[in-house]
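[1] predicted model follows, preceded by the sequence.
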Amino acid sequence: MNRRQIESRASAIAKSAAEPFGLEVVDTEFVKDSGVWYVRVYIDKPGGVGIDDCADLSRAMGSELDRQDFIPQSYILEVSSSGEKPIRSDEEYDRFKGRWALITTYNEIDGRKRFEGVLQGNSGDCVLIEVDGVVLQVPRPSINSARLAVHLEEVFGDD
């Protein structure tokens, strides 16, 4: 079973397990990070996700993953808020419009390779992101990585 098949099957389990808790599964990935395999599930719900939501889904999903036992590698199951979720498709740039995001590029654009601000969706072959009040166009082929991010001013305020 390849990585995409594992992600697909784990995603189906996650969605089924999330429904009774009123949670939405935003993404599921099976990745190797620093030599360790992870099944990462990103969730959301109206009003935000709490630690209990992550723990509830982790328990429900963990027992079903153990029962089905289809992942050959040892892995760690991580369930978290969609707050740091990787953006993996063109559709997600539009879906998460209005959310805080971090985009890094392979090459410098206007003297920078890191763009953190409010995602504004797609426009042609570019992703739009508002940084410091200015909407910038980042060509999709230049994007090295993109993910939702936590805006620290929202968490801690501007004190």
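    Received it, and whenever you're ready, just let me know what you need. On a predicted model such as this, the values are computed, not experimentally measured, just so you know.
[2] tell me how far stretch 110-118 lies from the chain's centre.
    For stretch 110-118, the distance from its own C-alpha centre to the chain's C-alpha centre is 19 Å (C-alpha atoms, centre = their mean, to the nearest Å).
[3] assign residue 54 to helix, strand or coil.
    Under the three-state scheme (DSSP: H, G, I helix; E, B strand; the rest coil), residue 54 adopts helix.
[4] count the residues that sit near it.
    A total of 17 residues lie near residue 54 under the criterion other C-beta atoms under 10 Å. Glycine gets a C-beta too; all of them are placed from N, C-alpha and C.
[5] OK, contacts around the closest residue to it other than its chain neighbours?
    Beyond its immediate neighbours in the sequence, the residue positioned closest to residue 54 (C-beta to C-beta, 6 or more residues apart in numbering) is residue 79, lying 4.4 Å away. Listed by C-beta atoms under 8 Å, 6 or more residues apart in numbering, the contact partners of residue 79 are 40, 41, 43, 54, 55, 57, 58, 61.
[6] now do residue 96
    Remark: with contacts taken as C-beta under 8 Å, 6+ apart, residue 96 is in contact with 87, 119, 148.
[7] same question, residue 102
    Residue 102 makes contact with 114, 115, 116, 146, 147, 148, 149 under the criterion C-beta under 8 Å, 6+ apart.
[8] quick check: beta-bridge partners of it?
    According to DSSP bridges, the residues that bridge with residue 102 are residue 116, residue 147.
[9] distance of residue 77 from residue 103?
    Taking C-beta to C-beta, to the nearest Å as the measure, residue 77 and residue 103 are separated by 28 Å.
[10] what do you get for residue 25?
    Using C-beta to C-beta, we find residue 25 at a distance of 23 Å from residue 103.
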